[in-house]
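Asker: Build me a structure from this.
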Amino acid sequence: MRSDRIMTPEHPLWTEFIARLSRIPACAGTTVHARAVLSMTPGIDAEESLRALARMGARCDCEIEHDITPRFEDLMVGGAA
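Answerer: Numbers count the residues shown, from 1 in each chain. Below is the predicted model:
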């Protein structure tokens, strides 16, 4: 069951979240930037969102952007065919 308080690729604000995260010039090997963006997003539980993303394999900001997003997009394309 999807929670609107947890940011995952299925969330309606995912694209906006990734757009904001992608403005960060460099990954520090942490989720500090994702945490900041999530904390500024109304209605989002930043810590639960980061735990959910970690369960998907994202351990830092760049893995959220470059690993989770493409995998989800591949599933959506594969599932639509």
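Asker: What ranges does this structure have for its helices?
Answerer: Shown for the chain, the helices assigned by DSSP state H span residues 14-21, 32-39, 46-55, 61-63, 69-80.
Asker: so which of these is the most packed in?
Answerer: Looking across those with neighbours counted as mean count of other Cβ atoms under 10 Å, the highest average goes to helix 61-63: a mean of 20. From N, CA and C alone the C-beta is placed, and that goes for glycine too.
Asker: mean confidence for it?
Answerer: When pLDDT is averaged along helix 61-63, the result is 95.
Asker: C-alpha coordinates for stretch 61-69, CSV please?
Answerer: Only the C-alpha atoms of stretch 61-69 are listed here, as CSV (Å, rounded to 0.1, in the frame of the first residue of the first chain):
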residue,chain,number,x,y,z
ASP,A,61,21.9,11.2,-3.0
CYS,A,62,23.3,10.1,-6.4
GLU,A,63,22.1,6.5,-6.0
ILE,A,64,18.6,7.9,-5.4
GLU,A,65,18.8,9.9,-8.6
HIS,A,66,20.8,7.6,-10.9
ASP,A,67,20.0,4.1,-9.7
ILE,A,68,16.4,4.2,-8.3
THR,A,69,14.8,6.4,-10.9
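Asker: Now tell me what touches that stretch from outside.
Answerer: Contacts with stretch 61-69, where a contact means Cβ atoms under 8 Å, 6 or more residues apart in numbering, come from 9, 14, 18, 21-22, 24, 27-28, 30-34, 53, 56-58.
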